[in-house]
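Asker: Show me the folded form of this:
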Amino acid sequence: MGSVRRSLGFAFLERYLLTGLQLLSFVLLARLLTPQQIGLYSVSMALISIAQVVRDFGLANYLIQRKTLEREDIGSALGLSLLLGGGLFALVNALAPWVAQFYRDESLAGIVRIISLNFLILPFNAISIALLRREMRFDVLMRINVAAAVVGTSTTLALAALGHGAPSLAWGDIAGSVAMAIGASLAGAWGRLAWPQLRRWREIVGFGGPVTAANVVTSVSMDINDLAVGKLLDFSQVAIASRAQGLMNLFARDIMGTVRSVAYPAFSKAHREGGALEDRHVQSLAAVSAVAWPFYGFIALFALEVLRLMFGPQWDASAPLVPIYCAAGAVSVLNSLVPTVMLAAGHARRVALADLVIQPVKALVLVGVLWWWRALEPLALGFLAMAIVAVPYFYAFKQRCLPSDFAGMARALSRNAVLALLCLAPVGVAASWLRPPGEALALPVWLGCAATTVALWLAGLRLLGHPLYGELLALLRRRVAS
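Answerer: Now for the predicted structure:
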């Protein structure tokens, strides 16, 4: 467990640094770019992300989960990645004019073509990063990813300040990818790469094919908000919805992405060594929900204050949507690690099947809701409804290959529900009493609520005898000793 804790520590340190940088970027870009420009980029990224899933093709997971990794595995993964990247680069560039015509905005073609340059860079990055993750070298990954983020964010902000608009975000992505390639090379990861080949392509396709098919469908489902809103409403509404969902994604995507990046190699290692996977899953769920539920509750209670601080009053229209998306995020925590533990146990086909069934349903429901009501709030409520449905659905799939310890989960989640209530109820009452009707709290009052929430959370951990409290104390002692 020591190596896992160390890896998780570096992964979270990386995430804290990246989140801080991302928040700074959000604050500045919200004032440098208009909602229309941010909406244009959001739609472009939603379109590209579908192709990005195909390019990934489960290659990183294939390399991480292999019991014995040979140079033929690495070379075949790189060869297939280069073929996919080159093909997708050509395809996206050919389709760019059609995309611009479909959305009736010629600038989309240029933005899409800029972002597509990543398909020529990422094959080398993806394989190098996968090898570092397999070796649990998260200290190296932290330095690479933070440096790449600094380069990418600096490029975006500089170009936006010079008036380049939405393409500033696209060029920032490319600059970040180039910086990541340089960092991986300096860390020696490129020295591990084998000459591109395709000898193991059948094994890779057998592993990555089902997962990729499911991930494509999942990507469409996740990005359907931006794609459908951009077509049925307008690009400004895309940005408003993205800002509201983005607050949820601070945990659902960014923090949970960090957790999964460590959990997957750790679960895979436990599986290879015959460890108790379900115990690991319950422990991880207990730790994640102890942080997630207070986080989502606080953001939901203070949505207007958070939006004003981060983006300014021009984004107030996102505030009514934030509590709905936060509720969806809180529900989704329950099954957030289910696909990860199933994949680590070698059940890639079951994970793929689960996604292939539910994600098209989710996409159809959300598009149908948006087409019928032509408003953002019903869309957010549809998102919440599908999050609720997904919990029993995914656990039903998990039961077939890895029985769940529902009693253990119930004990952990009950304690975390009490913890969330203890740290949120007092500030919620105070906010309702002090907040002027239709206005945000004064900044000093809001910051006082935030500090009170953190203090009550720590006190609640100790009062409830939560395992996370012991972990935090141990971490603090190690920091003091070092």
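Asker: The nearest residue to Gly230 once chain neighbours are set aside and Ala100, how far apart?
Answerer: Distances taken as C-beta to C-beta, 6 or more residues apart in numbering put Val43 closest to Gly230, at 4.3 Å, once the chain neighbours are dropped. Where you see a C-beta, it was placed from the backbone N, CA and C, and this is true even at glycine. According to C-beta to C-beta, to the nearest Å, Val43 stands 11 Å off from Ala100.
Asker: Looking at those two, which is more packed in?
Answerer: Val43 (27 against 17; other C-beta atoms under 10 Å).
Asker: For the more buried one, which three-state class applies?
Answerer: Using DSSP: H, G, I helix; E, B strand; the rest coil, the structure places Val43 in helix.
Asker: quick one: contacts for it?
Answerer: By C-beta atoms under 8 Å, 6 or more residues apart in numbering, the contact list for Val43 reads Tyr103, Leu108, Asp226, Leu227, Gly230, Phe235, Val238.
Asker: From Ser49, how far out is the residue nearest to Gly230?
Answerer: Counting by C-beta to C-beta, the gap from Val43 to Ser49 is 11 Å.
Asker: tell me the domain boundaries of the protein?
Answerer: Following automatic domain parsing, one gets these domains for the chain: 21-199, 210-482.
Asker: Indicate which one of those is closest to Glu14.
Answerer: domain 21-199 (3.9 Å; C-beta to C-beta).
Asker: what's the first-to-last distance across the closest one?
Answerer: For domain 21-199, the first-to-last residue distance is 42 Å (C-alpha to C-alpha, to the nearest Å).
Asker: circling back: any shared contact partners between Val43 and Ala100?
Answerer: With C-beta under 8 Å, 6+ apart, Val43 and Ala100 have common neighbours Leu108.
Asker: Roughly how far does Met206 sit from Gly87?
Answerer: Just to correct that, residue 206 is Gly rather than Met. Going from Gly206 to Gly87 by C-beta to C-beta gives 20 Å.
Asker: same check, this time on Ala412
Answerer: Plainly put, Ala412 is 46 Å away from Gly87 if you go by C-beta to C-beta.
Asker: So which of those two has more stuff around it?
Answerer: A direct count of neighbours by other C-beta under 10 Å for Ala412 and Gly87 places Ala412 higher, at 20 against 14.
Asker: Quick one: residues contacting the more buried one.
Answerer: Residues near Ala412 by C-beta under 8 Å, 6+ apart: Val282, Leu285, Ala286, Ser289.
Asker: Nearest spatial neighbour of the third one, chain-adjacent residues omitted?
Answerer: Counting by C-beta to C-beta, 6+ apart, Ala412 is the residue found nearest to Ala286 once chain neighbours are left out, at 3.6 Å.
Asker: Among the contacts of Ala412, which one has the most neighbours?
Answerer: The most crowded member of those, judged by other C-beta under 10 Å, is Leu285 (24 neighbours).
Asker: does that residue sit in a helix or strand, and which one?
Answerer: Leu285 is located in helix 277-301, with elements delineated by DSSP states H and E.
Asker: and the helix or strand following that helix with helix 277-301, angle?
Answerer: Using DSSP H and E, the helix or strand that follows helix 277-301 in sequence is helix 303-311. Interaxial angle of helix 303-311 relative to helix 277-301 (axes from the mean of the first three to the mean of the last three C-alpha atoms, to 10 degrees): 90 degrees.
Asker: Helix 303-311 packs against which elements?
Answerer: In terms of contacts (3 or more C-beta pairs under 8 Å, 6 or more residues apart in numbering; DSSP states H and E), helix 303-311 is packed against helix 2-32, helix 235-249, helix 322-332, helix 443-463.
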